[in-house]
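K.L.:
Sequence plus the predicted model coming up.
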Amino acid sequence: MQRTRFLGDILSTLFDRSASLRGTNDTRDIYALCHALLSPEGEVSGQKLAATVLARYRALGPDAKTAFFTFLNDALDIDAATLSDLAAQYAKSPTPALYKALSTAAEPKRQELLRRLNQPMGATAELVAMRVDLLRILKANPDLARTDLDFVHLLRSWFNRGFLVLKAINWDTPARILDKIVTYEAVHEIKDWDDLRRRLYPSDRRCFAFFHPAMPDEPLIFVEVALTALVPGSITKLLSEDRLALEAEDAKVAVFYSISNCQAGLAGVSFGNLLIKQVVSELRQSFPKLEKFVTLSPIPGLNGWLASQTGTAENGLAASAILTHSATDADIRAMAARYLLRAKRADGQPLDPVARFHLGNGAEVHDIHAGADISANGRSQSSGAMVNYLYDLARTERNHADFALKSIVAAAKPVQALAALPLTAKPKETQP
């Protein structure tokens, strides 16, 4: 019986694949095919038409792709006049029939087109790749943002938490996925397979990734975790080739030291918050002795902010000293604290993108370290400084609410004190 079911699954898969490939010799252009997919023909031959449209799109050059997105943006937009008329009718008589008509008119046809394009096997990955093209084209064609909003709306639906699968990545994970972990690592470069092994194989190292059933070999986001005895203050030491591995059962701290989004086409679809929460849950079940969950995070906007402070009376001397590599560790830590706690955008949110992410998830600024990342990238973006964000599970909901509603930056008292410390940088004595 099981063999018969297995054979049936194989035949079904092969049938689905062949069905998705038929019809690619249709002579209609891509625009006529899209209209056909939205018509009753699409109800009957949806997979075949969708596969043909996707194949035709793949063959387009840069200018033709821009024209295609312009078609989605303009020809398949909302009919504002019809929508306005239906809204007025519904305001007077909110019947179910009018509600249905109003709802249909309020949705641009391109949303339904994208849904129907997502029928053949592999279509989800192709639509994610299509959005990569759109994001690139959008820079010179800002009006296409209307279409991008519809992509984001649908991708958030297709990639919601109910469809995501959390998997542990280890040395036994298939090589095709390990290759992608190396490629997608965006925070601390993985130099080679030996470097990857040091991050996955020892007992005090863990890695977790979210996958989607429609893209089973493509990680969406992954986090690398170090299990340690103390809160670390140096990524150089944490990733050292010569470090002594800790027995995982003896660890007191779980350190999230690298979080990498993998799919450029899913920009704006947030997975990080869900990933951290689920990984914390997994780790707590596996290692009940863990007491703290922290990050060791970069401060990517620090040097840019320091450059803007060199002419100010309050911060100028220290900022200049840090940028010229002549500052004390005390001033580096103090200026980083001022940046993380005080430097804001016009909307009141912190300037630093990593800070916005973790504070928005309910973490607090826990500690700041000088000389924590001595790599070329670490020196160029933050003069080597790094920060720990603490996920105190008893406070994350309140911290999240305070940050979301009032833009309050939660920070440990020592960090608050650090931001208020007098700076040690003094003007050089003028020569006679």
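P.N.:
Alright, I've got the coordinates.
K.L.:
tell me the SS of the nearest residue to residue 396 once chain neighbours are set aside?
P.N.:
Nearest residue to residue 396, sequence neighbours excluded (CB to CB, 6 or more residues apart in numbering): residue 362, at 3.1 Å. Every C-beta, even on glycine, is put in place using the N, C-alpha and C of the backbone. Recorded secondary structure, residue 362: coil (DSSP: H, G, I helix; E, B strand; the rest coil).
K.L.:
And for the one 5 residues further on?
P.N.:
Local secondary structure at residue 367 is given as strand here, using three-state DSSP.
K.L.:
number of nearby residues for the closest residue to it other than its chain neighbours?
P.N.:
Spatial nearest neighbour of residue 367, excluding adjacent residues (CB to CB, 6+ apart): residue 388 at 4.6 Å. Around residue 388 there are 26 other residues, counting by other CB atoms under 10 Å.
K.L.:
correct me, but residue 388 touches residue 298?
P.N.:
No. Using CB atoms under 8 Å, residue 388 is not in contact with residue 298; the gap is 11.7 Å.
K.L.:
sorry, back to before: list the contacts of the residue nearest to residue 367.
P.N.:
Residues in contact with residue 388 (CB atoms under 8 Å, 6 or more residues apart in numbering) are 231-233, 294-297, 365-369.
K.L.:
Most widely separated two among those residues?
P.N.:
For the contacts of residue 388, the farthest-apart pair by CB to CB is 232 and 365; their separation is 15.7 Å.
K.L.:
more neighbours, these two?
P.N.:
It is residue 365, of residue 232 and residue 365, that has more neighbours when counted by other CB under 10 Å, with 27 against 21.
K.L.:
for residue 112, helix, strand, or coil?
P.N.:
Residue 112 ends up helix, using three-state DSSP.
K.L.:
Residue 97 versus that one, what's the distance?
P.N.:
Residue 112 is 20 Å from residue 97, where distance means CB to CB, to the nearest Å.
K.L.:
before we move on, back to that, quick one, phi/psi of the residue nearest to residue 367?
P.N.:
Dihedral pair for residue 388: phi -100, psi 130, per degrees, to the nearest 10.
K.L.:
Local confidence estimate at it?
P.N.:
For residue 388, the pLDDT comes out at 98.
K.L.:
that older thread, next, count neighbours for the residue nearest to residue 396.
P.N.:
24.
K.L.:
Can you tell me how far it is from residue 408?
P.N.:
Taking CB to CB, one finds residue 362 at 12 Å from residue 408.
K.L.:
what's the one helix or strand residue 303 maps to in contact with?
P.N.:
Per DSSP states H and E: residue 303 is located in helix 302-309. Contact with helix 302-309 is made by 315-316, 319, 322-323, 335-336, 339, 343, 351-352, 380-383, 385, as judged by CB under 8 Å, 6+ apart.
K.L.:
Mind checking the pLDDT average for it?
P.N.:
On average, helix 302-309 scores 97.
K.L.:
could you point out which element follows that helix?
P.N.:
Downstream of helix 302-309 (by DSSP H and E), the next one is helix 316-323.
K.L.:
now the angle from that following helix to helix 302-309?
P.N.:
Helix 316-323 and helix 302-309 are oriented at 140 degrees to each other (axes from the mean of the first three to the mean of the last three CA atoms, to 10 degrees).
K.L.:
List the buried residues for the helix holding residue 303?
P.N.:
Residues 302-303, 305-306, 309 are the ones in helix 302-309 that count as buried (16 or more other CB atoms under 10 Å).
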